[in-house]
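Engineer: Generate coordinates for the sequence data below:
(one chain, ligands or ions: 1)
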Amino acid sequence: MSTEEKVAKHYTHGSLETTILAGLAASGKDVDHLSIDDLAGIDEFHLGRREATREFSRDLGLIDGMRLIDIGSGLGGPARYMASTYGCVVTGIDLTEEFVDVAKVLTERCGMAMQVSFRQASALALPFADESFERATLIHVGMNIEDKAALFAEIRRVLRRGGVFGLYEIMQVRDGTLPYPMPWAMTPETSFVRSPETYRRLLDEAGFSLESEQDRSALAIRLAQEMRASAANNSGQTPGLGALMGERAAERVGNVGMSVGNGLLAPIEMIAKAV
Ligand SMILES: C[S@@+](CC[C@H](N)C(=O)[O-])C[C@H]1O[C@@H](n2cnc3c(N)ncnc32)[C@H](O)[C@@H]1O
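Structural biologist: Okay, the predicted model is just below:
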């Protein structure tokens, strides 16, 4: 099995659509007319969830009608948020077929299918012509991709000159051994977490100029604390991502939280311009 097949298998749940729609219905949502806020607890598969997406999108210079590609779009939460908030036209691609299928269903049920579309594809072979987009985003995906030089070259290819590439990635910020399982990989075999220095160098080599960089650890830690408190209060929210993650979900979430808390990992935002 190739690394990509292993990664897609890792994320495949098997009955995600039914589980999500049943959970939403049980928490009183109208599943035929969903809003992006109805989904915020389950469709943002990254540290800091919706709040992180909000902060990140602010830094992308998005405007109405702009074409954006979200690479590794998952269930489509960030794609729908950016389309709905800024009016851009978003194309999401993801390796995991089931995520693409569910992303499409949720988008249709939000009435956003004209503005947001999804397609199954590898980030290393984007099925788009050169310079098709003005913006590209990569949110918590690089941890599953070993060849980041090829990834950034492919992203540079589909971006117009002067376009912006925003990435929000988990990076290793000091020496140490990562605990497994992690949310993105059960073992180190499909985990390729790298340092900010490596990201900076590879971005430069691929034809990007780094405009800004921010460590979002404080936001991720605060959000994780709030989520634990809300779970403890049994606040009647829709079942969260943990319920959708499958095997050893609590341990995986705990390991990444602990690693951010002890300064081994950090969720880092980088905004780079295509030169
Ligand atoms: C942790 S999830 C993040 C999903 C989404 N970006 C979000 O923030 O909600 C990682 C996603 O990256 C996708 N992925 C991993 N490797 C990929 C690759 N080589 N090409 C495309 N997608 C990939 C996975 O299928 C998964 O949906």
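Engineer: Phi first, then psi, for the one residue in the stretch 51-200 of the chain that gets nearest to the ligand.
Structural biologist: When distances are taken as Cβ to the nearest ligand atom, the stretch 51-200 of the chain reaches nearest to the ligand at G74, 2.6 Å away. In short, each C-beta sits where N, CA and C put it, glycine included. Here is the backbone geometry of G74 (degrees, to the nearest 10): phi 60, psi -130.
Engineer: which residues touch the closest residue to it other than its chain neighbours?
Structural biologist: Residue nearest to G74 in three dimensions, not counting chain neighbours: F45, with 4.7 Å by Cβ to Cβ, 6 or more residues apart in numbering. Taking Cβ atoms under 8 Å, 6 or more residues apart in numbering as the criterion, F45 is in contact with G74, L75, G77, H140, P183, L241.
Engineer: again, but for Q115
Structural biologist: A83, S84, G87, V89, V90.
Engineer: In contact with D30: list those residues for me.
Structural biologist: Neighbouring residues of D30 by Cβ under 8 Å, 6+ apart: there are none.
Engineer: can we see that at 10 Å?
Structural biologist: Listed by Cβ atoms under 10 Å, 6 or more residues apart in numbering, the contact set of D30 reads L24, D38, R109.
Engineer: L210 now?
Structural biologist: Here L210 is in contact with F165, P196, Y199, R200, L203, D204, M270, I271, A272, K273 (Cβ under 10 Å, 6+ apart).
Engineer: what about 6 Å?
Structural biologist: By Cβ atoms under 6 Å, 6 or more residues apart in numbering, the residues touching L210 are R200, L203, A272.
Engineer: which one is it nearest to, not counting chain neighbours?
Structural biologist: Leaving aside its sequence neighbours, L210 sits nearest to A272 (Cβ to Cβ, 6+ apart; 5.0 Å).
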